[in-house]
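Undergrad: return a 3D structure for these sequence lines:
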Amino acid sequence: MPELASLTAADIARLAGVTRATVSNWRRRHPDFPAPSGGTDASPAYDRAEVETWLDRRGALPELASEERLWQAVLEAATETDLGSAVAGMATALSGSTPQSAGDVGLHARVVAAAAGAKAEIGPERAIESLTGKYAEAMGVIATPAPLAALMANLADPGKGVVLDPACGTGETLAAVLERGTATVCGQELDDAMAALAELRLRSGRWQAEVAVCGGDSLTKDAYGGLQADAVVCHPPFASRDWPQEALAGDARWEYGIPPKAESELAWAQHALAHLRPGGRAVMLMPPAVASRPSGRRIRTEFLRRGALRAVVSLPPGVARPSHIPLQLWILERPQGPGPSDPLVLLADPAEAPGPAAAETKPDWQQIQDSLLGAWRAFSGGTAEPCRGGAGGDRSGTWRVMRAIDLLDEAVDLTPARHVGAAGPGKTPSQTSATLSRLRVRLHEAAAALEKLEPGSGWRTRGQGAHWRTLTVAELARSGLVALHRAQGPGPASGEQGSAGALPVLTSADVRAGRAPSGVVAAEAMQDAWVTVSAGDLIIPAGLDQLTQALVATGEHDGAVLGEGLHLIRPDLARMDPWFLGGVLSARSNARQASYGTASIRIDARRLAVPHLPLEEQRLYGEAFREVSGFRAALRDLADLGGELAELLHASLADGALMPLKRH
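TA: Here you go, the predicted structure:
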């Protein structure tokens, strides 16, 4: 983590409410801009107090909201102690507790004043929510999304009983069970300051319940050793490699087998089972690999044989981080007595097969809730029959009840898609027919719209021998008509689009598809050499084989970081039309004459040629290029719809949902 008294250029941009490029301009144009106090040449750091003084002197320091003043006070206190202690001190001040000594909890005047101001302006509940979110972001804690926590609470269905979350993080899952009227919740969180914040959140006046949240590692220092809960809800750490497996090898909790080092999630699952009363239920969020890793086969086998594993449910990508994989919910129950002689397991995969834009769409939580809760109630209520001999299945085709013995093969692979897909078609014939009808309607509408968008009507041909005088991009740059930039990074990005502290990244794939930025990079990784996109910029891939057409940046691209392998050409909009420029720059013949290389053909953007035309004529051509671009996008939409229709027809014929007509 960077020093809390320091700011990166990205931090300054957020503080002042400006773009990253504006901060770069301030550094270059103002000699009195604070000198770097640390960091590196590529990513310098600046003293927070000096930057705030400089911004305030220029009138560029906005009035901070109460939440921001609260966090600034925490950061100031953290320079004298550590962030966790400063957060704990602020939590104490917000809770209204009066410490014997301010120094005992890291309090000082600004913390007390900020807490009092926040409580007066926005109330303690909102202040604690804000502080929790900012601390979670600073510590890299992944909070469970509220809709997912609500689904887990509904599946756990604890009634008024006792609920435990042994890795409670910000307390989101326990808040969800409190919303359902649970009377007692217990949590444990590795980070002591986060545990204190979670307890404050859960003690809010919204709920009348007994709340206890302790700090510490549940696997090594279990704060609830003798607790037998009615339910456990948990989003454990994924793929942890530093849990002390060797030290816990003889632990009494490993009733179903010693978890391998690579299977920390199965340690958490057994920890949850150990804390359940007989018949109690645990709902665990798991990465999909847990269902199929060879190292966990023995424990999965014991879960199935003894009836402890009741369901494995696949969730659509995007419901929680990491957002690119379909996480799973495991539902476990502590057997009563010896357990059932022929255990049954629910396997559910309610997500539609992902299309080209699946990763860009938000989860339909209502549909997910209805589908999964309906499947679980049918299964747990005994109204769903098991599939035998690999045939049959439920009516919707999205879930399947199986005998545990039928899953005990060499792999014991519990991935729902492997078994639900084998149960029969994903839709009933009537559902398939309705989907086909909708696709056909959309296809015909797209075809009709395409006809109206067809460009070129009335365009005239130029006379024989007519030609333009052209200038290269390099010549335009020397004249100040354009500025040319080549991406210096970032490389492959990771993170969640729209998450706090992340910046959008425009990738080569985005340019080829003509879409909004799909990549992300952490704001603190921002470097001075990186380029940010502005509306009106032209973006061109550096590889000739990647070129389809130049992307004319719009508002949805504004502020994105230029990804690797891209050229950016920024025109003077008072003298150059961006659509005209984009059209001529991405012409295949123009790109070929500006290319170089042998094995990998690259484009030298400086050599691209641009006709020398007055602005009015540029705009005339620019509008025409815009029409062609719209026509190309409509063609892509039509092709996507046609492909989707063809794929559904093929699959429906193959699985027997459709019958072809007899031809005479």
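Undergrad: can you give me the strands in the stretch 51-200 of the chain?
TA: For the stretch 51-200 of the chain, the strands defined by DSSP state E, counting those that start in this stretch cover 162-165, 184-189.
Undergrad: which other helices and strands does the first one contact?
TA: In other words, strand 162-165. Packed against strand 162-165 by the contact rule (3 or more C-beta pairs under 8 Å, 6 or more residues apart in numbering; DSSP states H and E) you find helix 172-179, strand 184-189, strand 229-234. C-betas here are computed from N, CA, C, even on glycine.
Undergrad: and the average pLDDT for it is what?
TA: Averaged over strand 162-165, pLDDT sits at 97.
Undergrad: sheet partners, orientation included, of the longest strand along the chain?
TA: What stands out as the longest strand in the chain, according to DSSP state E, is strand 276-286. Strand 276-286 has its sheet partners listed here by DSSP bridges as strand 229-234 (parallel), strand 328-333 (antiparallel).
Undergrad: so where's the stretch 201-350 of the chain uncertain?
TA: 205 (pLDDT under 70).
Undergrad: next secondary structure after the longest strand of the chain?
TA: Following strand 276-286 in sequence order, the next helix or strand is helix 297-305 (DSSP states H and E).
Undergrad: which of the strands of the stretch 51-200 of the chain sits most buried?
TA: Greatest average neighbour count among the strands of the stretch 51-200 of the chain goes to strand 162-165 (a mean of 28), per mean count of other C-beta atoms under 10 Å.
Undergrad: now could you export just the CA positions of that strand as CSV?
TA: Taking Å, rounded to 0.1, in the frame of the first residue of the first chain, the C-alpha atoms of strand 162-165 are listed here in CSV:
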residue,chain,number,x,y,z
VAL,A,162,-28.4,-18.3,15.4
VAL,A,163,-26.3,-17.6,12.3
LEU,A,164,-22.5,-17.6,12.0
ASP,A,165,-20.2,-16.2,9.3
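Undergrad: within the sheet, what are the partner strands of that strand, with directions?
TA: The pairing partners recorded for strand 162-165 under DSSP bridges are strand 184-189 (parallel), strand 229-234 (parallel).
Undergrad: elements contacting the host helix or strand of residue 22?
TA: Assigned by DSSP H and E, residue 22 belongs to helix 20-29. Other helices and strands packing on helix 20-29, by 3+ C-beta pairs under 8 Å, 6+ apart, are helix 9-16.
Undergrad: what packs against the helix it packs on?
TA: On a contact count with 3+ C-beta pairs under 8 Å, 6+ apart, helix 9-16 meets helix 20-29, strand 44-47, helix 48-57.
Undergrad: check which helices and strands the one helix or strand residue 266 maps to sits against.
TA: Assessed by DSSP H and E, residue 266 sits inside helix 264-274. Here helix 264-274 touches strand 229-234, strand 276-286, helix 297-305, strand 328-333, going by 3+ C-beta pairs under 8 Å, 6+ apart.
Undergrad: now distance to residue 91 and mean neighbour count too, for these, in JSON lines please.
TA: JSON lines is the format used below for these (distance: least, C-beta to C-beta, whole Å; neighbours: other C-beta atoms under 10 Å):
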{"stretch": "strand 229-234", "distance to residue 91": "23", "mean neighbour count": "27"}
{"stretch": "strand 276-286", "distance to residue 91": "26", "mean neighbour count": "21"}
{"stretch": "helix 297-305", "distance to residue 91": "38", "mean neighbour count": "20"}
{"stretch": "strand 328-333", "distance to residue 91": "31", "mean neighbour count": "22"}
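Undergrad: now those as CSV including distance to residue 181?
TA: Below are the helices and strands packed on helix 264-274 laid out as CSV (distance: least, C-beta to C-beta, whole Å):
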stretch, distance to residue 181
strand 229-234, 13
strand 276-286, 16
helix 297-305, 30
strand 328-333, 20
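Undergrad: how about the strands in the stretch 451-600 of the chain?
TA: So, for the stretch 451-600 of the chain - with DSSP E, counting those that start in this stretch - the strands run 470-472, 482-486, 502-506, 519-522, 538-541, 551-552, 561-562, 566-571, 595-596.
Undergrad: closest to residue 347 out of those?
TA: strand 519-522 (32.6 Å; C-beta to C-beta).
Undergrad: follow-up on the earlier one: I'd like the strands paired with strand 162-165 as a markdown table, with distance to residue 594 appended.
TA: As requested, these are exported to a markdown table (distance: least, C-beta to C-beta, whole Å):
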| stretch | distance to residue 594 |
| --- | --- |
| strand 184-189 | 57 |
| strand 229-234 | 57 |
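Undergrad: for those strands, which one sits closest to residue 533?
TA: For those, the distance to residue 533 is smallest for strand 184-189, at 39.4 Å, taking C-beta to C-beta.
Undergrad: rewinding a little: deepest of the helices and strands packed on helix 9-16, which one?
TA: When these are compared using mean count of other C-beta under 10 Å, strand 44-47 is most buried, at a mean of 20.
Undergrad: and that one, what's its mean pLDDT?
TA: The average pLDDT within strand 44-47 is 86.
Undergrad: what's it packed up against?
TA: strand 6-7, helix 9-16, strand 38-39.
Undergrad: need the ones you listed in JSON lines (columns: mean pLDDT, distance to residue 471 and mean neighbour count).
TA: Shown next, in JSON lines, are the helices and strands packed on strand 44-47 (pLDDT from 0 to 100; distance: least, C-beta to C-beta, whole Å; neighbours: other C-beta atoms under 10 Å):
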{"stretch": "strand 6-7", "mean pLDDT": "77", "distance to residue 471": "42", "mean neighbour count": "22"}
{"stretch": "helix 9-16", "mean pLDDT": "79", "distance to residue 471": "34", "mean neighbour count": "21"}
{"stretch": "strand 38-39", "mean pLDDT": "80", "distance to residue 471": "40", "mean neighbour count": "14"}
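Undergrad: pipe those into CSV and attach distance to residue 583 per row.
TA: Formatted as CSV, the helices and strands packed on strand 44-47 follow (distance: least, C-beta to C-beta, whole Å):
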stretch, distance to residue 583
strand 6-7, 42
helix 9-16, 33
strand 38-39, 42
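Undergrad: hmm, back to that, just say which of the strands of the stretch 451-600 of the chain is most tucked in.
TA: Taking mean count of other C-beta under 10 Å, strand 561-562 is the most buried of the strands of the stretch 451-600 of the chain, at a mean of 26.
Undergrad: name the residues that touch that strand?
TA: The list of residues contacting strand 561-562 from outside it, by C-beta atoms under 8 Å, 6 or more residues apart in numbering, reads 485, 487, 490, 503-506, 521, 526, 530-533, 539, 568.
Undergrad: swap in stretch 635-651?
TA: 355-356, 425, 432, 435-436, 439-440, 442-443, 446-447, 450, 657-658.
Undergrad: now the buried members of those.
TA: Neighbour-count burial (16 or more other C-beta atoms under 10 Å) applied to the contacts of stretch 635-651 gives 425, 432, 435, 436, 439, 443, 446, 657, 658.
Undergrad: of these, which is the nearest to residue 300?
TA: Distance to residue 300, by C-beta to C-beta, is smallest for residue 425 among these, at 27.9 Å.
Undergrad: look up the pLDDT of that closest one for me, please.
TA: Residue 425 is given a pLDDT of 43.
Undergrad: so residue 649 versus residue 655, what's the distance?
TA: 12 Å (C-beta to C-beta, to the nearest Å).
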